[in-house]
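Colleague: no FASTA, just this:
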Ligand code: NAD
Ligand code: TYD
């Protein structure tokens, strides 16, 4: 069933992927309207959307997804036809130190949005609607080195509180289709990288620490494998699913790009030698630290379903995507330095003590 999104409510769009999504969408579809709802937690940054502030098709609302009344109001007031749900607590390490916020936002928060959507779209008879839930490959658990990549039919075996909270939210979304008939879709994507990623995540952390001559912390033996995708290739996949995806379907999104952590950090060090020769060789900053508890060994996505059904193909190679990313962090030093305030420093002390 095709859908034409005209008026979108995008949650969590002051964060990394959501802000890239809004920029991507406004470029691709300048006639559509976007209302952003974001609670501006430590990970939310209005600066990510500053270039859209004068755009009449863009509205920013500072609110929590747990505020069901507010969400209902926005859906009605703006006649929203498409809700794209990015808002979440998203950092695995933080979920280990403090899981409560993850269960609150990721589970209860998703339910709050579904309740509002049900009330405004279903109970009030708006059949032309979509609820797209953005999820992660981490719901599938961990793979052994030779196991086939995750497909949409893999069993859910989440290992971290973050992954468990996202798995729960996926199930709740599914139940709102099966029980009430809400038009839902879900995407489970692999690790993203690109502009505006908060510098607590591996790739921006390594770039920032290279520029500051600080240690590059590698958890455990550094042989854990992640499947990296450039953020706008994730957004292209979401776009296809919202328009052409089948209701009540899950689509895995990935770029067939598996890297061991130590190899990706070494590669970034080599790039940094080129972009920032004063600090070369950056490899000397690599420091092995205590492993993350319950650290998943390998994630890998089989994206055949979205490729075959919806014609999806990533546009960036890793070579082009990682260069764009390093260049962006070189060009936006003020952006990430401003983030590294007191509370962020406290987090670093706690995580790497
Ligand atoms: P992020 O942490 O950078 O941003 C999260 C945003 O959500 C922030 O702007 C924050 O202020 C907002 N937020 C948090 N709690 C909120 C609440 N209660 N109400 C309203 N807003 C709230 O996250 P991200 O990396 O951009 O991830 C976005 C989504 O994509 C998440 O759902 C995540 O699970 C999923 N995902 C991320 C990746 C990845 O590699 N980063 C991969 C696959 C899926
Ligand atoms: P991260 O970017 O936190 O994403 P996720 O845990 O969701 O995959 O981490 C990516 C990988 O890098 C993961 O295996 C943990 C590892 N890692 C380190 O080795 N050192 C670090 O300082 C960080 C933040 C992550």
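Modeller: That came in fine, so what should we check first? The structure displayed is predicted, hence computed values, not measured ones. Ligands and ions are numbered 1, 2, ... in the order given.

Colleague: just the residues contacting the strand or helix carrying residue 84, thanks.
Modeller: Taking DSSP states H and E as the criterion, residue 84 maps to strand 82-85. Residues outside strand 82-85 that contact it (C-beta atoms under 8 Å, 6 or more residues apart in numbering) are 3, 5-12, 21, 65, 75, 110, 113, 117, 129-134, 238, 242. Where you see a C-beta, it was placed from the backbone N, CA and C, and this is true even at glycine.

Colleague: next helix or strand past that strand?
Modeller: helix 92-97.

Colleague: and residue 321, helix, strand or coil?
Modeller: With DSSP: H, G, I helix; E, B strand; the rest coil as the basis, residue 321 sits in helix.

Colleague: circling back to that earlier point, which ones among the contacts of strand 82-85 lie within helices?
Modeller: Of the positions in those, 21, 75, 110, 113, 117, 238, 242 sit in helices, assigned by DSSP state H.

Colleague: where does the stretch 51-200 of the chain come near ligand 2, residue by residue?
Modeller: Within the stretch 51-200 of the chain, the positions near ligand 2 by C-beta under 6 Å from any ligand atom are 92, 191.

Colleague: up against ligand 1, what does the stretch 101-250 of the chain have?
Modeller: Contact residues (C-beta under 6 Å from any ligand atom) of the stretch 101-250 of the chain with ligand 1: 105, 109, 134, 136, 166, 189, 191, 192, 198.

Colleague: ok, 8 Å please
Modeller: Residues of the stretch 101-250 of the chain lying near ligand 1 by C-beta under 8 Å from any ligand atom: 101, 104-106, 109, 134-138, 162, 166, 187-193, 196-198, 201, 234.

Colleague: select only the buried ones of these in PyMOL?
Modeller: In PyMOL, a selection of the buried entries from those looks like this (16 or more other C-beta atoms under 10 Å):
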select buried, resi 101+105+106+109+134+135+136+137+138+162+166+187+188+189+190+191+192+193+196+197+198+201+234
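
Colleague: returning to what we had before: show me which of the contacts of strand 82-85 are buried.
Modeller: Neighbour-count burial (16+ other C-beta under 10 Å) applied to the contacts of strand 82-85 gives 3, 5, 8-12, 21, 65, 75, 110, 113, 117, 129-134, 238, 242.

Colleague: do you know how far residue 152 is from ligand 2?
Modeller: The spacing between residue 152 and ligand 2, counted by C-beta to the nearest ligand atom, to the nearest Å, is 20 Å.

Colleague: tell me what the lengthiest helix in the chain is packed against?
Modeller: Longest helix of the chain, by residue count under DSSP H: helix 161-180. Judged by 3 or more C-beta pairs under 8 Å, 6 or more residues apart in numbering; DSSP states H and E, helix 161-180 is in contact with helix 92-97, helix 100-102, helix 110-117, strand 130-136, strand 184-189.

Colleague: to residue 348, which of the ones you listed lies closest?
Modeller: Nearest to residue 348 among these is helix 92-97 (10.5 Å), distances taken as C-beta to C-beta.

Colleague: for the record, mean pLDDT for that closest one?
Modeller: For helix 92-97, mean pLDDT rounds to 98.

Colleague: distance check, residue 115 against ligand 1.
Modeller: Relative to ligand 1, residue 115 is positioned 14 Å away (C-beta to the nearest ligand atom).

Colleague: in this protein, which spans are strands?
Modeller: Secondary structure of the chain (DSSP state E): strands located at 7-11, 33-38, 58-62, 82-85, 130-136, 184-189, 192-193, 216-219, 225-227, 229-230, 249-253, 258-260, 286-289.

Colleague: the longest one versus strand 249-253: what angle between them?
Modeller: On the basis of axes from the mean of the first three to the mean of the last three C-alpha atoms, to 10 degrees, strand 130-136 is oriented at 40 degrees to strand 249-253.

Colleague: what of the third one?
Modeller: Per the same axes, to 10 degrees, the angle that strand 58-62 makes with strand 249-253 is 100 degrees.

Colleague: also the first one?
Modeller: In this structure, strand 7-11 runs at an angle of 70 degrees to strand 249-253, with the same axes, to 10 degrees as the basis.

Colleague: so what's the residue in the chain that ligand 1 sits nearest to scoring on pLDDT?
Modeller: Nearest to ligand 1 in the chain, going by C-beta to the nearest ligand atom, is residue 15, at a distance of 2.0 Å. As predicted, residue 15 sits at a pLDDT of 98.

Colleague: quick revisit: among the ones in helices among the contacts of strand 82-85, which one sits closest to residue 265?
Modeller: residue 21 (27.0 Å).
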